[in-house]
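Participant: Quick check, what structure comes out for this input:
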Amino acid sequence: MPSVGYVEIMTEGMRLRPFTESDLDRLEEMFNDPEAIGIFNWGGFRDRSIWRKRFADNGLLDGERNALMVDLAGTGLGFVSWTKNQPGHSYCFDFGISLWPDARGKGYGTTAQLLLARYLFAHHQVNRIQAYTESGNIAEQRSLEKAGFVREAVLKGLYFRDGEWRDEVLYRMLRSELPPA
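Facilitator: Predicted structure coming up:
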């Protein structure tokens, strides 16, 4: 069973919730369709069964690599995910988001990322959460900034995609920077 605590978090009808088995078909389709996952998240074709294996093992919540569905009034919009990053004696979380194509550009990503920030700070003894996004992904940069994240650095040549090395922008939020509810 999941080792990560779960509390339903809602904002304007949006909530983050654990995956159900019925969510897995769409998730597998998304990761095997370059247009569905989006240019900035496409990493090539992968084993379609990986999501079902992880779901069977831990419901996609294992404390190290985690994912929750972004849900609006019973409709899945995509998912948020986070991994533990331990640069020293303490740790932080790296997180990301992927929305289905029809949910993009409507402000859902901003709300979902803020919900995830609230969730992580409420349930984990971390002082920092962070996200990387490709320097060309202006929509995601705007979304992170609207959610209260601070642009911290440009990491040159960090990510390999589509045959070339790409710059990534690092965003962070400290516990003290979490916007009030």
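
Participant: all contacts plus neighbour counts: C-alpha atoms, from now on.
Facilitator: Will do.

Participant: ok, and what's touching stretch 115-133?
Facilitator: 5, 7, 9-11, 15-16, 80, 90-96, 140-141, 168-176, 178 (CA atoms under 8 Å, 6 or more residues apart in numbering).

Participant: Pull the distance from that stretch to the chain's centre.
Facilitator: 11 Å (CA atoms, centre = their mean, to the nearest Å).

Participant: Identify the residues contacting stretch 81-99?
Facilitator: 37, 41, 63-68, 77-80, 109, 113, 126-132.

Participant: picking up where we left off before, filter the contacts of stretch 115-133 down to just the ones in helices.
Facilitator: Counting by DSSP state H, those place Glu140, Gln141 in helices.

Participant: in the chain, which spans are strands?
Facilitator: For the chain, the strands defined by DSSP state E occupy 9-11, 14-17, 65-72, 75-85, 92-99, 128-134, 150-161, 164-174.

Participant: can you tell me how far the residue lying closest to Arg175 once chain neighbours are set aside sits from Ser143?
Facilitator: Spatial nearest neighbour of Arg175, excluding adjacent residues (CA to CA, 6 or more residues apart in numbering): Asn127 at 5.0 Å. Counting by CA to CA, to the nearest Å, the separation of Asn127 from Ser143 is 21 Å.

Participant: Check Met173 too.
Facilitator: Applying CA to CA to Met173 and Ser143 gives a distance of 13 Å.

Participant: Gly107 against Ser143, yeah?
Facilitator: Yes - using CA atoms under 8 Å, Gly107 is in contact with Ser143, at 7.5 Å.

Participant: higher neighbour count, these two?
Facilitator: The neighbour count for Gly107 versus Ser143, taken as other CA atoms under 10 Å, is higher for Ser143 (20 against 12).

Participant: State the phi and psi torsions of the residue nearest to Arg175.
Facilitator: phi -110, psi -10 (degrees, to the nearest 10).

Participant: per-residue confidence for it?
Facilitator: For Asn127, the pLDDT comes out at 97.

Participant: ditto for Ser49
Facilitator: In this model, Ser49 carries a pLDDT of 87.

Participant: who's in contact with it?
Facilitator: Contacts of Ser49 by CA under 8 Å, 6+ apart are Glu28.

Participant: ok, now how distant is the residue nearest to Arg175 from Glu177?
Facilitator: From Asn127 to Glu177 the distance is 10 Å (CA to CA).
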